[in-house]
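1. curious how this folds, go ahead:
(one chain, ligands or ions: 2)
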Amino acid sequence: MNIHEYQAKDLLRSFGVPVPPGVAVGSPAEAREAARQLDSGVVVVKAQIHAGGRGAGRYVGEPACGGVRLVKTPEDAQHAAFEMLDRVLVTKQTGPEGRLVRKLYIEAGSAIEHEYYLSILLDREARRIVIVASSEGGMSIEDVAAEKPESIHKSWIDPTIGLSDHQSRDLAVKLGFTGKQIAAFAAIVRSAYTAFTTLDASLLEVNPLALTKDGALVVLDAKMSFDENGLFRHANVRALRDPDEEDPREQEAARFGLSYVGLDGTIGCMVNGAGLAMATMDIINSEGESPANFLDVGGGASREKVAAAFRILLADPNVEGVLVNIFGGIMRCDIIAEAVVSASREVGLHVPLVVRLAGTNVEEGMALIENSGLDVTVASDLADAARKIVAAVRARRAA
Ligand code: GDP
Ligand code: MN
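-> Numbers count the residues shown, from 1 in each chain. Ligands and ions are numbered 1, 2, ... in the order given. Just a heads-up that it's a prediction; the model follows:
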């Protein structure tokens, strides 16, 4: 789960990380009042969407207006808010369709001397938390990696020891800090790491971490993501979920307890078992098309759950074909077949459907599908199923 910048900053502040004062607002009048109260000379007005690159982003139809604006008076903050709220901001990370901006963050401006980069994430290969830092902040870390890879430093944390002070001080030195700034940077790393582990975060990215003209280090931008499986432990983090920013397909799937991840391909997949689901996505890719989703309907899913899953696939406007791949063990093929047939009747099957069933009650399942009168292509194995759905989708496109 992702959260907004202002929410991440509130969390970090509560862990003692230095963050400039700021207020989240939903109207131009509130923006003006917030700027007046901050009374900071320069005020930064920042669009709150779950995507980065806002500074370089552009509002649809407003080539001069980006998602991060520096203003000097409460009136200017109000005017900027008027131009930024309830409009669509396009950034490198939003895709061309952009995101509707519903909230702004009004922050006391900082005079920047230099921008650094700091992030904490899980290195799955190393099976450790890794701290990544660079003296080249402000731009995306992918760009830094391409242009100045030598400026990126990593430090892996031994889970049996935890973060040691010498690790963060060592990073500080590698970034070029001297004197008091070494301790200041180390303290930020320590507090950020405590926030990361305490809250079961999966990513914490500060870009930029700014060195100000008066020598202070402050977090100017913060992004946090959380492990869904840890959310039950953190009511305060759960409360930060913003449904407006989430994939509606994933929200619907979550209501039914389905393991569903929305993707941007065109072939909807309904599979039992995470491994088989991954293999199915791989084979679709190797046939030259891409999956619209990951979906593992699990072992003992009810008819209702399977039908809900199938409805989500059919309702997805990007889906040009559906592949059902069930290797029935615990999951009975007749239940899958019944759910597929009833959901297809309910929603209307408007795209090609290829079904591969194997395992428990496969004959009953196949009979249900064949007698349903629906236009379904039956496949014998996974490779056959992938070839058939790709061929069907392409034929439909060409038609
Ligand atoms: P992003 O573009 O979505 O990553 O948004 P950021 O919060 O990182 O802001 C983009 C850029 O705006 C930063 O890299 C800074 O250069 C600039 N910026 C943000 N806050 C301030 C500020 O308080 N003062 C100044 N001078 N620049 C700022
Ligand atoms: Mn940023």
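2. which ones are touching the residue of the stretch 201-350 of the chain found nearest ligand 1?
-> Going by Cβ to the nearest ligand atom, ligand 1 is nearest to D221 of the stretch 201-350 of the chain, at 3.2 Å. For glycine as for every other residue, the C-beta is placed from the backbone atoms N, C-alpha and C. By Cβ atoms under 8 Å, 6 or more residues apart in numbering, D221 lies in contact with E5, G52, V206, N207, P208.
3. repeat that with 10 Å
-> 5, 8-9, 46, 52, 54-55, 68, 107, 115, 137-138, 205-210 (Cβ atoms under 10 Å, 6 or more residues apart in numbering).
4. equivalent analysis for L199, please.
-> Contacts for L199 (Cβ under 10 Å, 6+ apart) come out as L11, F15, M224, F226, D227, G230, L231, R233, H234, N236, V237.
5. and those, which are buried?
-> L11, F15, M224, F226, L231, H234, V237 (16 or more other Cβ atoms under 10 Å).
6. what's near enough to touch the fifth one?
-> By Cβ under 10 Å, 6+ apart, L231 lies in contact with M1, L199, D200, V237, R238, L240, R241.
7. any chance of CSV for these, columns distance to L217 and pLDDT?
-> Conversion of these to CSV gives the following (distance: Cβ to Cβ, whole Å; pLDDT from 0 to 100):
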residue, distance to L217, pLDDT
M1, 28, 92
L199, 22, 98
D200, 26, 97
V237, 25, 97
R238, 30, 95
L240, 25, 97
R241, 30, 93
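8. ligand 1 next: which of the residues you listed are close?
-> Restricting the contacts of L231 to those touching ligand 1 (Cβ under 6 Å from any ligand atom) yields no residues.
9. nearest to G273, of those residues?
-> Using Cβ to Cβ, M1 comes nearest to G273 of the contacts of L231, at 24.4 Å.
10. so how far is L122 from the closest one?
-> For M1, the distance to L122 equals 15 Å [Cβ to Cβ, to the nearest Å].
11. I182 now?
-> From I182 across to L122, the span is 26 Å (Cβ to Cβ).
12. returning to that earlier point: filter the buried ones among the contacts of L199 down to the ones in strands?
-> Mapping these onto strands (DSSP state E) picks out M224, F226.
13. for the buried ones among the contacts of L199, which two are the farthest from each other?
-> Of all pairs drawn from the buried ones among the contacts of L199, the greatest distance, 18.0 Å, lies between F15 and L231 (Cβ to Cβ).
14. closest point of this protein to ligand 2, which residue?
-> Using Cβ to the ion, D221 is the residue of the chain that sits closest to ligand 2, at 3.4 Å.
15. now that residue, what are its backbone angles?
-> Per-residue torsions, D221: phi -150, psi 140 (degrees, to the nearest 10).
16. now do the phi/psi pair for G176.
-> phi 100, psi 10.
17. check contacts around it.
-> Taking Cβ under 10 Å, 6+ apart, we find G176 in contact with H114, Y116, S135, S151, L211.
18. output those residues in JSON lines; the columns should cover distance to F82.
-> Below are the contacts of G176 laid out as JSON lines (distance: Cβ to Cβ, whole Å):
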{"residue": "H114", "distance to F82": "33"}
{"residue": "Y116", "distance to F82": "33"}
{"residue": "S135", "distance to F82": "38"}
{"residue": "S151", "distance to F82": "39"}
{"residue": "L211", "distance to F82": "33"}
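19. between these, which is closest to G298?
-> Distance to G298 across these (Cβ to Cβ) is lowest for Y116, with 44.2 Å.
20. and the one helix or strand that closest one maps to, which strands flank it?
-> In the assignment (DSSP states H and E), Y116 maps to strand 112-123. Strand pairing for strand 112-123, determined by DSSP bridges: strand 128-134 (antiparallel), strand 201-212 (antiparallel).
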